[in-house]
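Student: Below: sequence and its predicted model.
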Amino acid sequence: MAEVRRVDYFYVTVPDAPGEGRRVFQALADQGVNLLAVLAFPTGDGRSQIDLVPEDAEVLQQAASRAGLSTSPRKQAFLVQGEDRVGAMAEVAATLADAQVNVTAAAAVAAGGGRYGMLLWVAPADYEKAAAALGV
C-alpha cells in the first residue's frame with residue numbers, strides 16, 4: 001500500500017473573490033510556511049473555505065496569527081502518497097471499508113513522476129480506527 005501519514009489541517013474562510021487565494025498563500029509563504037496540500041471551495045453566501053495542510057502545524061498557526069488570518073481549530077486528516085497506478089486509490093478505500101470506516105471526503109491528484117497524492121477525511125470519531133487500519 002501507499003505511504004500514509006496523519007496530518008493536521010486548518011481552514012480559513014475568505015471572500016469568494018479574485019486574489020483571496022493569493023493573499024492567503026503569499027502571507028503564509030512570506031513567513032516560511034510549507035504547505036503539503038490545499039483544498040479550496042465555495043461555501044455559499046460569497047465565501048470560500050481554504051483547507052491548509054501544513055508541514056508544521058505550529059508554524060502555520062503562528063504565521064496565520066501574525067498575518068491576521070483567522071484559522072479554524074486544528075482538525076485531522078490523512079495524506080496518502082504513492083506510486084500512481086491503476087487501483088492505487090481503490091486499495092486505500094478497500095482498507096477503510098474493510099475496517100467499517102466511512103470516508104467523508106477525498107481529493108486526489110497525479111503528482112507527476114509516476115506518483116499520486118490523496119487527502120482523506122473521516123469522521124473525528126473514526127479517526128483512530130482509520131489510523132489503525134491504515135497502519136499509522
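Tutor: Good, I have the coordinates. The structure presented is a predicted model; accordingly, all values stated were derived computationally and were not measured.
Student: Please compute how far stretch 96-112 lies from its chain's middle.
Tutor: Remark: stretch 96-112 is offset 12 Å from the chain centroid, using C-alpha atoms, centre = their mean, to the nearest Å.
Student: So what's the model's average confidence on that stretch?
Tutor: Mean pLDDT, stretch 96-112: 96.
Student: what's in contact with that stretch?
Tutor: With contacts defined as C-beta atoms under 8 Å, 6 or more residues apart in numbering, stretch 96-112 is touched by 37, 39, 80-81, 84, 89, 93, 116-123, 126, 129-130, 132-134. C-betas here are computed from N, CA, C, even on glycine.
Student: Can you say which of the residues you listed are buried?
Tutor: Among the contacts of stretch 96-112, those classed as buried by 16 or more other C-beta atoms under 10 Å are 37, 39, 80, 84, 89, 116-122, 126, 130, 133-134.
Student: Can you list the buried residues in the strand ranked longest in the chain?
Tutor: Longest strand in the chain by number of residues (criterion: DSSP state E): strand 3-15. Going by neighbour count (16+ other C-beta under 10 Å), the buried part of strand 3-15 is 4, 7, 8, 9, 10, 11, 12, 14.
Student: Relative to residue 49, which of these is nearest.
Tutor: Distance to residue 49 across the buried residues of strand 3-15 (C-beta to C-beta) is lowest for residue 11, with 5.1 Å.
Student: Tell me who's in contact with that closest one.
Tutor: With C-beta under 8 Å, 6+ apart, residue 11 has these contacts: 49, 50, 51, 52, 71, 72, 75.
Student: Show me the residues you listed that map onto strands.
Tutor: 49, 50, 51, 52, 75.
Student: okay, now the third one: neighbour count?
Tutor: The local packing count at residue 51 equals 20, with neighbours defined by other C-beta atoms under 10 Å.
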